[in-house]
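1. Could you look at this predicted model? Sequence included:
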Amino acid sequence: MRSSDGRSNHAAFALRPKWHPLECICLALILLWGKAFGQNSSSENQSNVVRGTVVDAVTHQPIGRALVHSTDDKYATMTDGEGHFEFALGTGQASGGLSGILWLMARKPGFLQEERGPTEASPGAEVTLTLTPEGLIKGRISLSTGDSVRGVNVQILSRRVQDGSPHWSATMSTRTNSNGEFRFAELQPGTYKVFTHEYMDNDPEVTIPGGQQYGYPPVYFPSATDVAAASTIQLTAGQIVQADMTLVRQAYYPVRIPVINPEQTGGMNVTVSPQGQQGPGYSLGYNRGKNEIDGQLPNGKYLVEGAVYAQNFSASGAVNLVVAGAPAEGPTMVLARNNSITVNVKEEFTSDAAPRSGSWSDGNRTFSLSRARLNLNVRTEPVDDFGAQRIGAVHEPTRNDDPLVLENLTPGRYWLRLTASHGYVASATMSGIDLLREPLVVVPGTGASIDVTMRDDNAEIEGTLLGVTPSSAETGRSSSLGHVYCIPLPDSTGQFLELGVGSDGKFDYRSVAPGVYRVIAFRTQKSDFPYRDPEAMKAYEAKGQVVHFAPGQKVSLQLQVISDSE
């Protein structure tokens, strides 16, 4: 080996000047001092270092090359091949303005963001971050001839819990590529259905202008013609599901439905349900110039609904249409104004704690508000899947002490949702029907009103969670140790309630509606808890405690936390 000037290393070494003995002693002292200083600095810095590991939430195996960052993005690093990461903080530095605390998140392609949010990390302690592998639904759309087809609109339905009730809702959509393939990524574990939208055959080689038109009706995986008959896909974390579907070519025929509505000045939402089975897939349009609904459909029986929503006008209508091997014209659709239902509130309060007056302004005028309007929030939600997308709500006041009126209710079935800021709703009825447990049925031209009774002889609840360790007050940030759910039993007069648990493991609430409940505690919040689904709630029949809350009663409980895996 040679040095940079071409001489051998031995020669280069021989040319170095010799060290003086005193210089050797000084160098040794410097090295010893530096080593001791480094040890002290390292010891001091250990208390300002954040370390941890990123693991797979399913397999618990470490995840390499994952990005770990603080929520304010002041710190970021990649994990090594064994999933480890480390941050060295400056003296007194921390994220989020809290001394000694970092709030960390991890991410990596192929994995989902954790729904629980960031994880608290204290310097000097080890922290574990988890990532859930994404689910995938992919497939190939082919024609009955075996050929692949490009540009078909494919969509997925997901089963989601809304206000305690599970519903099917249309979510992501995509189009097939030149090989007829589609792919849905970043899917959470859950229940799904997959379907195609209509696809018209516009091949110029086989389409004759003015002649018979052909197309491919919607297909629900694997080969159903409506939502009810479609197969469900139970997707687990990291699972890949192949969902191939075959389209069948059918003749399409022109259809038209005249519309009568002299007040119609804008567009219209049109839905088409085959055999009365609601669900997306088919489509017709509104021709404003001809004041008719038109388009093309294959043979079958359909329910066609139209809805108009304008600033000062909303209306809807529906007709049945039959297509049988020829162009079809349906009966005239008459759009009738949507319903408005008055809500009469009777207060049986024993205290003066409820607000007596208030006001509201639209920017130009100010109106005095009744106590009922101030204290009670009223809204509706469709009972059926793919029901009316516009949710009925109380109109804004137009005069002093304006009554509560639910507006824009199209014919159908709704759940009445009532929330009180003082007291509770003791009853809500319409024509003798208990709307706290039965749907509100809206029919064209209804003039009925809803009668609501409110009381304030609330029960109270307090308690402590068992099996949890109260968090340290030194963190400087309050953290919940769990969530308590009070679930009314069937035929009970109670109303669902969710309570947070403080960092000391205790909870309390002073506005419980009297009734019989099953009280359950979880470590983490259940944003999709199906408490209104009797079948789903059977899994909890042996869990928690059944408690009767009498008016004015105070109940003290000790609850065992149910693990997230139960």
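-> Ah, there it is.
2. sec struct for residue 539, please.
-> Look at residue 539: counting by DSSP: H, G, I helix; E, B strand; the rest coil, its state is helix.
3. same thing with residue 536?
-> helix.
4. excluding its backbone neighbours, what's nearest it?
-> Nearest residue to residue 536 in three dimensions, chain neighbours excluded: residue 530, at 4.1 Å (C-beta to C-beta, 6 or more residues apart in numbering). Placement of C-beta: from N, CA and C, glycine included.
5. Can you give me every residue that contacts the spatially most central residue of the chain?
-> Centroid-nearest residue in the chain, with C-alpha atoms, centre = their mean: residue 160, separated by 7.2 Å. For residue 160, the residues meeting the contact criterion (C-beta atoms under 8 Å, 6 or more residues apart in numbering) are 166, 167, 168, 169, 190, 528.
6. Quick one: residues in contact with stretch 296-305.
-> Defining contact as C-beta under 8 Å, 6+ apart, one finds that stretch 296-305 is touched by 200, 213, 215, 217, 250-255, 257, 270-276, 282, 284, 293, 316-325, 328, 330, 333.
7. Give the rounded mean pLDDT of it.
-> The average pLDDT within stretch 296-305 is 94.
8. Report the beta-bridge partners for the residue nearest to the centre of the chain.
-> For residue 160, the beta-bridge partners are residue 167 (DSSP bridges).
9. Per-residue pLDDT of it, please?
-> 89.
10. Could you do residue 362 as well?
-> 60.
11. Same check on residue 214?
-> Value listed for residue 214 in the pLDDT field: 93.
12. go on, residue 218?
-> 95.
13. just residue 42 next, same as before
-> 43.
14. now swap in residue 60 and tell me
-> pLDDT recorded at residue 60 is 92.
15. what does stretch 210-218 contact?
-> With C-beta under 8 Å, 6+ apart, stretch 210-218 has contacts from 143, 149, 152, 195-201, 206-207, 225, 247-253, 280-282, 296, 298.
16. Quick one: buried ones out of those residues?
-> 143, 149, 152, 195-199, 201, 225, 247, 252-253, 280-282, 296, 298 (16 or more other C-beta atoms under 10 Å).
17. Return the subset of these lying in helices.
-> Cross-referencing the buried ones among the contacts of stretch 210-218 against helices under DSSP state H gives no overlap.
18. follow-up on the earlier one: can you say which of the contacts of stretch 296-305 are buried?
-> Buried, going by 16+ other C-beta under 10 Å: 213, 215, 217, 252-253, 255, 257, 270-274, 282, 284, 293, 316-319, 321, 323, 328, 330, 333, out of the contacts of stretch 296-305.
19. In strands only, show me the residues you listed.
-> 213, 215, 252-253, 255, 257, 270-274, 293, 316-319, 321, 323, 328, 333 (DSSP state E).
20. picking that back up, okay if I get the contacts of residue 160 as CSV plus pLDDT, neighbour count and distance to residue 303?
-> Output for these, formatted as CSV (pLDDT from 0 to 100; neighbours: other C-beta atoms under 10 Å; distance: C-beta to C-beta, whole Å):
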residue, pLDDT, neighbour count, distance to residue 303
166, 90, 16, 23
167, 88, 18, 19
168, 90, 21, 18
169, 87, 12, 20
190, 93, 14, 29
528, 83, 14, 30
